[in-house]
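Student: no sequence on this one, just coordinates:
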């Protein structure tokens with residue numbers, strides 16, 4: 001779920017400042033979290049901007065990347081310690097890399113923000129048969145398309161998939177190189193503004209299925225339990241601040257995402273942000289997130305056992321800490 005307006009590969013070092021003396025040891029490296037512009041991650045940018053991470057004693061670096069696939073690659077190459085992503089990237093990394101992600105936080109559910117946008121003449125899902133669909137392969141885009149096609153009685157084999165990064169989709173639409181694209185804010189907002197496409201499906205049609213999370217590499221998560229606690233607390237403070245000061249929060253987050261405050265407010269109408277106090281509810285062993293993992297596995301990897309995927313692919317923090325509040 002970018003999850004990219006104006007983003008470059010950079011990091012925002014807004015977090016901890018170490019006071020070093022001549023006799024002090026060098027500080028440990030900060031935790032590095034790969035993140036791309038998606039409104040559902042907005043509270044992370046807000047926590048950095050407002051100093052909530054630093055106030056919780058956490059040294060963390062948000063490494064800004066342009067897409068979900070870039071975030072996943074950075075995680076798998078060991079360039080970052082964790083990633084903000086959809087569940088699809090977590091499952092893909094668990095299957096195809098030596099690094100094993102542990103889900104530490106659920107950020108949001110997309111209940112309308114992820115969309116399929118189609119050109120004039122393609123008025124419904126059934127009309128996509130045989131058409132060219134632009135999407136970012138190996139990411140949440142593929143799941144969204146699969147679910148959309150199923151609603152129209154079609155399968156992935158019934159369309160022509162054109163693999164492309166999110167940043168290339170607007171031009172592909174304008175050049176008529178594709179008949180539809182799978183996207184999300186801020187890219188989908190820019191594409192729709194061009195007036196060449198209209199929405200024919202969104203995650204609102206599959207409520208509760210599209211979750212975004214923050215995960216860390218398994219060994220790092222085990223070694224930094226206190227840091228993860230601090231991370232979740234800072235997230236909770238940022239969510240509370242956003243609820244109490246929505247206009248200010250939307251303006252700040254929009255600066256990082258590449259959207260105006262009003263565009264951010266509209267985007268959040270299709271996103272359910274999950275506060276810190278609700279994390280155990282979602283991360284328990286047989287909770288909603290486990291159900292989402294099983295559902296995605298059944299759709300994207302039908303030859304695998306969904307129950308096995310929950311226990312071996314998407315490790316939850318409770319699997320490392322049996323006494324954690326989220327465990328059963």
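Tutor: Happy to help now that I have it. Treat the numbers as computed from the prediction; the structure is a model and nothing was measured.

Student: Residue 251 contacts residue 259, doesn't it?
Tutor: No: Residue 251 is beyond contact range of residue 259, at 10.0 Å (criterion: Cβ atoms under 8 Å). Every residue, glycine included, has its C-beta placed from N, CA and C.

Student: Show me which of the two is the more surrounded one.
Tutor: The residue with more neighbours, out of residue 251 and residue 259, is residue 259; 24 against 16, by other Cβ atoms under 10 Å.

Student: I'd assumed the more buried one was in a helix, is it?
Tutor: No: Residue 259 sits outside any helix when classified using DSSP: H, G, I helix; E, B strand; the rest coil, being coil.

Student: Might one say that it is in contact with residue 252?
Tutor: No: counting by Cβ under 8 Å, residue 252 is not a contact partner of residue 259; they are 11.5 Å apart.

Student: Low-confidence stretches in this protein?
Tutor: 1-28, 306-328 (pLDDT under 70).

Student: Please go through it and pick out the longest helix.
Tutor: Secondary structure assigned by DSSP state H gives helix 225-244 as the longest helix of the chain.

Student: Return the distance of that helix from the chain's centre.
Tutor: 17 Å (Cα atoms, centre = their mean, to the nearest Å).

Student: and if you look at stretch 65-78?
Tutor: 12 Å.

Student: Over to stretch 138-153?
Tutor: For stretch 138-153, the distance to the chain centre is 17 Å (Cα atoms, centre = their mean).

Student: Stretch 256-264 too?
Tutor: 17 Å.

Student: and it, how far apart are its ends?
Tutor: 11 Å (Cα to Cα, to the nearest Å).

Student: Now the residue nearest to the spatial centre of the chain: phi and psi?
Tutor: Geometric centre of the chain, nearest residue: residue 85, 3.1 Å, by Cα atoms, centre = their mean. Dihedral pair for residue 85: phi -160, psi 180, per degrees, to the nearest 10.

Student: Over to residue 273?
Tutor: phi -80, psi 140.

Student: which strands and helices sit next to the one helix or strand residue 247 maps to?
Tutor: Using DSSP states H and E, residue 247 falls within helix 246-257. Contact analysis of helix 246-257 by 3 or more Cβ pairs under 8 Å, 6 or more residues apart in numbering; DSSP states H and E lists helix 42-49, helix 225-244, helix 261-267 as its packing neighbours.

Student: orientation of it relative to helix 225-244 in degrees?
Tutor: Helix 246-257 and helix 225-244 are oriented at 120 degrees to each other (axes from the mean of the first three to the mean of the last three Cα atoms, to 10 degrees).

Student: Alright, I will stop here.
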